[in-house]
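Novice: After the sequence you'll find the predicted model.
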Amino acid sequence: MNTTEKNNDEMTLGAVHDDDVLLEIKNLVVHYELEGETVEAVNGVDLTLRKGQTLGLVGETGAGKTSTALSVLNLVQSPPGKIKSGTISVCGQDVLKMTPKQLEKVRGKNVSMIFQDPMTALNPVMTVGAQIAESIKYHEGLSAEESVNKAAEMLKLVGIPRERAVEYPHQFSGGMKQRVVIAIALACSPQVLLADEPTSALDVTIQAQVLDMMRDLKEKMGMALLMVTHDLGVVAKICDSVAVMYAGKIVEYGTLNEVFNTPLHPYTEGLFDSLPNIKNRNVKLKPIPGLMPDPTKLPPGCAFEPRCRYATSECKEVCRKHTFGGSHTVLCTRYDDPEFHIELKRRDRQWQRD
Amino acid sequence: MIRYVVRRILWLIPVIIAVSFIVFLLMELAPGTVVDAIQSDDMTTEQREELRRQYNLDKPMIYRYGLYMLNFAQGDLGVSQVSKLDVWDVFMTRLPNTLILSFSSLIIGSAVSIPLGIFAARRAGKLADNAVTIFSLTGMSMPIFWLGLLLLLMFSYKLGLFPGGGNREGIRSIVLPAICGSLGMIANTARQTRSNMLEVLNADFLRTARAKGVPEKVVIRKHALGNAWIPILTTIGIGLAAQLAGSVVIESVFAWPGIGRLAVEAVTQRDVTLVTGVVIMTSILYVLVQLIVDLLYAFADPRIKAQYIKYAKRRKRVV
Ligand SMILES: Nc1ncnc2c1ncn2[C@@H]1O[C@H](COP(=O)(O)OP(=O)(O)OP(=O)(O)O)[C@@H](O)[C@H]1O
Ligand SMILES: [Mg+2]
């Protein structure tokens, strides 16, 4: 009941600035400056997240997904990390221009993050209850006792008995730790939730449970969700739009239907081709050949060119963006040719939500 | 938990047996006996023989050792062979001096080294960090007695700020020995604090804390130090134990009337009962300090506490 009241408040607040845009990332560039070399982790990412929207950010390991999400909290490890350029506005405020004090107010309150590895994300010498209560204490000005109470409520919300609030992380299983991490992120009902592979550390059954739970909570709280994952099944299950990331760039963006039914980028095609087909096991898997380029030595043109079967010599030099049907964008020069299309045959795959 | 403590204390028995045996053996191998220390020039050979018999020096060492342990088993540390005073009483009158000095060193040492270590960790790789590392390495490789002599030369003989030894001038007389004792510890503890802090400062859970909007000050004090101080505590415990062990050197240099100096005096007089008594008592202290540190450690870290309490609590929850 408390949360619905709060959400109504936020709705009126949200209406003050433009539309329902809660998160807007523009031209984000993040580099890790190591001794003698620079890891170009994120190279000009644009993303927009509206109220109630769930955006899946997919890409293979090292694509820069976590770096992008961390930038939203202005929490890129520094040194060596550095946000070279770009603007990130959360609920209309630019987090990259904030003072530490202002940032503390936004983190956990307007935007929070579920971290990738639940095993190390929790403080081993604090009870889980205290760890959840902490953000409540700082953001909602509740007394210590009320915060602890609300923390126990949060635990219950993620399916852990209240009584276990007094226990320490080492007394929890991996799946339960992940739930605690989720409870921490949700404690102050943030408007934007960044979920960094919230289920990759879990086994399949628990994975499904946690995803269902997150979807329910998201609907209950009406927040915008950025779901970072490399699992297309997860995307199909809970996202309504998809951004495919490769070597620090969004190579394809569109609604779930657009990207899953008519993928445009050769890399997206490769992603689908490398998935097993449940209906027809005789279809051979076609993993993408080669590896992602070394992020310290990115080519001037398209970073996918060395692995791309459609690549031409022009791809080595330039990489142009094309838009289809208003919102479906692809970063691929081959679409200069109006006749160009990728070969992916739409297989009757089940991308369904339950 | 109690079983653990009892087990640790029982471990003292073999330690005491081994330590006292080694002391007896070394004293046997060393030239001279207690008779050389107490005899006067006008004694006849018969009188000397009589004295040797009194101290059982005509019997094999193992006999004297057995006799000593027999008394010890009944809680009797015996009397000093030279002064005839009760060893327990002598030890207890000297112990407070050593404790005062050790704890002063410990407090100075911790007060300097822990902030220094944190400071270095937060500036890892920068100039300030390197300066602290060099300081630590210098401190660690400096012999205590030499450092003590330098301090005395400088602040006592040259500048006359502090007394040249003893403990008769209250706080003024403790300054130099306490500083000298703390320096070795500062180096060690600062390095330990630095590496523990560094490890913790890169931990994922600090990022979680920051992502919650916890103010940076609290992140460092509560989350980082809350984890780092557990191993630091051990270092301090080892520091205290090392102070006890190192008291022999410092107390000799600064003529500080504690147990370290007592041991040295007893050795020069070949007073086997006194030496053995002091060594046994110091070993017991040493082991107790370690035990207390381990228990504190367990209470500070829930993961380790869980190992001691074992299943007791979990069982309760199921019911
Ligand atoms: N702290 C760091 N120091 C140096 N390089 C880093 C650091 N963090 C990330 N990187 C580099 O930045 C690039 C992008 O990393 P990022 O963690 O954002 O990838 P990701 O898409 O989240 O991958 P994954 O799916 O494995 O989590 C990688 O090449 C990685 O090696
Ligand atoms: Mg990641």
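Specialist: On my side now, so go ahead. Residues are numbered from 1 along each chain as shown, chains lettered A, B, ... in the order given. Ligands and ions are numbered 1, 2, ... in the order given.

Novice: My read is that A:Gly174 contacts A:Thr120, right?
Specialist: No - assessed by Cβ atoms under 8 Å, A:Gly174 is found out of contact with A:Thr120, at 11.3 Å. In short, each C-beta sits where N, CA and C put it, glycine included.

Novice: next SSE after the helix or strand B:Leu295 falls within?
Specialist: For B:Leu295, the host element (DSSP states H and E) is helix B:272-300. Note on helix B:272-300: by DSSP H and E, the next helix or strand toward the C-terminus is helix B:302-309.

Novice: Just the CA trace of that following helix, in CSV.
Specialist: Output of helix B:302-309 as CSV, limited to C-alpha atoms (Å, rounded to 0.1, in the frame of the first residue of the first chain):
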residue,chain,number,x,y,z
PRO,B,302,30.5,-14.1,11.8
ARG,B,303,32.0,-16.7,9.4
ILE,B,304,34.5,-17.9,12.0
LYS,B,305,32.1,-17.5,14.9
ALA,B,306,29.9,-19.9,13.0
GLN,B,307,32.6,-22.6,13.1
TYR,B,308,32.9,-22.4,16.8
ILE,B,309,29.3,-22.4,17.6
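
Novice: May I have the secondary structure class of the nearest residue to B:Gly226 once chain neighbours are set aside?
Specialist: In space, and not counting its chain neighbours, B:Gly226 is closest to A:Val125: 5.5 Å by Cβ to Cβ, 6 or more residues apart in numbering or on different chains. Classification of A:Val125 using DSSP: H, G, I helix; E, B strand; the rest coil returns coil.

Novice: Wait, a helix at B:Ser136?
Specialist: Yes - B:Ser136 sits within a helix when classified using three-state DSSP.

Novice: Look up how far B:Ser247 lies from the nearest residue to it once chain neighbours are set aside.
Specialist: Leaving aside its sequence neighbours, B:Ser136 sits nearest to B:Ala187 (Cβ to Cβ, 6+ apart; 4.3 Å). As judged by Cβ to Cβ, to the nearest Å, B:Ala187 and B:Ser247 stand 18 Å apart.

Novice: The two: who's more crowded?
Specialist: Using other Cβ atoms under 10 Å in any protein chain shown, the more surrounded residue of B:Ala187 and B:Ser247 is B:Ser247, with 27 against 23.

Novice: OK, contacts around the nearest residue to B:Ser83 once chain neighbours are set aside?
Specialist: Counting by Cβ to Cβ, 6+ apart, B:Ser83 lies nearest to B:Val90, which is 7.5 Å off, once chain neighbours are set aside. Contacts of B:Val90 were listed using Cβ atoms under 8 Å, 6 or more residues apart in numbering or on different chains, and they are B:Ser80, B:Ser83, B:Leu262, B:Leu274.

Novice: mind giving me JSON lines with those and columns for secondary structure?
Specialist: Below are the contacts of B:Val90 laid out as JSON lines (three-state DSSP):
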{"residue": "B:Ser80", "secondary structure": "coil"}
{"residue": "B:Ser83", "secondary structure": "coil"}
{"residue": "B:Leu262", "secondary structure": "helix"}
{"residue": "B:Leu274", "secondary structure": "helix"}
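
Novice: Tell me which two in the residues you listed are the farthest apart.
Specialist: Within the contacts of B:Val90, B:Ser83 and B:Leu262 form the most distant pair, 11.1 Å apart (Cβ to Cβ).

Novice: which residues of the stretch 51-200 of chain B fall in helices?
Specialist: B:61-73, B:87-122, B:127-141, B:144-151, B:171-201 (DSSP state H, counting those that start in this stretch).

Novice: do the stretch 51-200 of chain A as well
Specialist: Counting by DSSP H, counting those that start in this stretch, the helices of the stretch 51-200 of chain A are A:65-72, A:100-106, A:118-121, A:128-140, A:144-157, A:174-186.

Novice: So which elements touch the fourth one?
Specialist: Under the contact definition 3 or more Cβ pairs under 8 Å, 6 or more residues apart in numbering or on different chains; DSSP states H and E, helix A:128-140 sits against helix A:144-157, helix A:174-186.

Novice: Point out the most buried one among the ones you listed.
Specialist: helix A:174-186 (a mean of 24; mean count of other Cβ atoms under 10 Å in any protein chain shown).

Novice: now that helix, how far from the chain's geometric center?
Specialist: What separates the centre of helix A:174-186 from the centre of its chain is 16 Å, taken as Cα atoms, centre = their mean, to the nearest Å.

Novice: is chain B contacted by that helix?
Specialist: Yes - counting by Cβ under 8 Å from any Cβ of the partner chain, chain B has neighbours in helix A:174-186: A:Val181, A:Ile184, A:Ala185.

Novice: What separation is there between A:Glu153 and A:Gly108?
Specialist: When A:Glu153 is compared with A:Gly108 (using Cβ to Cβ), they lie 17 Å apart.

Novice: Please list the residues of the stretch 101-250 of chain B that sit near ligand 1.
Specialist: With the criterion set to Cβ under 6 Å from any ligand atom, the stretch 101-250 of chain B never comes near ligand 1.

Novice: interface residues of the stretch 101-250 of chain B facing chain A?
Specialist: Applying Cβ under 8 Å from any Cβ, one finds that the stretch 101-250 of chain B approaches chain A through B:203-205, B:207-216, B:223, B:226-227, B:230.

Novice: Let's see that with 7 Å instead.
Specialist: B:203-205, B:207-216, B:223, B:226-227 (Cβ under 7 Å from any Cβ of the partner chain).

Novice: Show me what stretch A:48-66 is in contact with.
Specialist: Outside stretch A:48-66, the residues within contact range by Cβ atoms under 7 Å, 6 or more residues apart in numbering or on different chains are A:14, A:19-24, A:41-42, A:47, A:68, A:116, A:192, A:196, A:218, A:222, A:224-230, A:232, A:235, A:238-248, A:292, A:295.

Novice: next one: stretch A:67-81
Specialist: Residues outside stretch A:67-81 that contact it (Cβ under 7 Å, 6+ apart): A:23, A:28, A:30, A:32-34, A:41-42, A:45, A:57, A:83, A:88, A:90, A:95-96, A:98, A:103, A:107, A:111, A:113, A:194, A:196, A:226, A:228, B:207, B:210-211.

Novice: Quick check on the residues you listed: which are buried?
Specialist: Buried subset of those (neighbour count, 16 or more other Cβ atoms under 10 Å in any protein chain shown): A:23, A:28, A:30, A:32, A:41-42, A:45, A:57, A:83, A:88, A:90, A:95, A:98, A:103, A:107, A:111, A:113, A:194, A:196, A:226, A:228, B:207, B:210-211.

Novice: So which of those belong to strands?
Specialist: Counting by DSSP state E, the buried ones among the contacts of stretch A:67-81 place A:23, A:28, A:30, A:32, A:41-42, A:45, A:57, A:83, A:88, A:90, A:111, A:113, A:194, A:196, A:226, A:228 in strands.

Novice: What is the neighbour count of A:Pro295?
Specialist: 21.

Novice: Hmm, it is touching A:Ala41, no?
Specialist: Yes - A:Pro295 lies in contact with A:Ala41 (Cβ atoms under 7 Å); the separation is 6.1 Å.

Novice: which residues are in contact with both of the two?
Specialist: Residues touching both A:Pro295 and A:Ala41 (Cβ under 7 Å, 6+ apart) are A:Gly248.

Novice: Spit out the contact partners of B:Asp271.
Specialist: B:Val34, B:Ser80, B:Gln81, B:Val82 are the contacts of B:Asp271 under Cβ under 7 Å, 6+ apart.

Novice: Phi first, then psi, for the residue in the stretch 151-300 of chain B positioned nearest to ligand 1.
Specialist: Per Cβ to the nearest ligand atom, B:Asn202 is where the stretch 151-300 of chain B lies closest to ligand 1, at 9.0 Å. When read as degrees, to the nearest 10, the backbone of B:Asn202 gives phi -100, psi 0.
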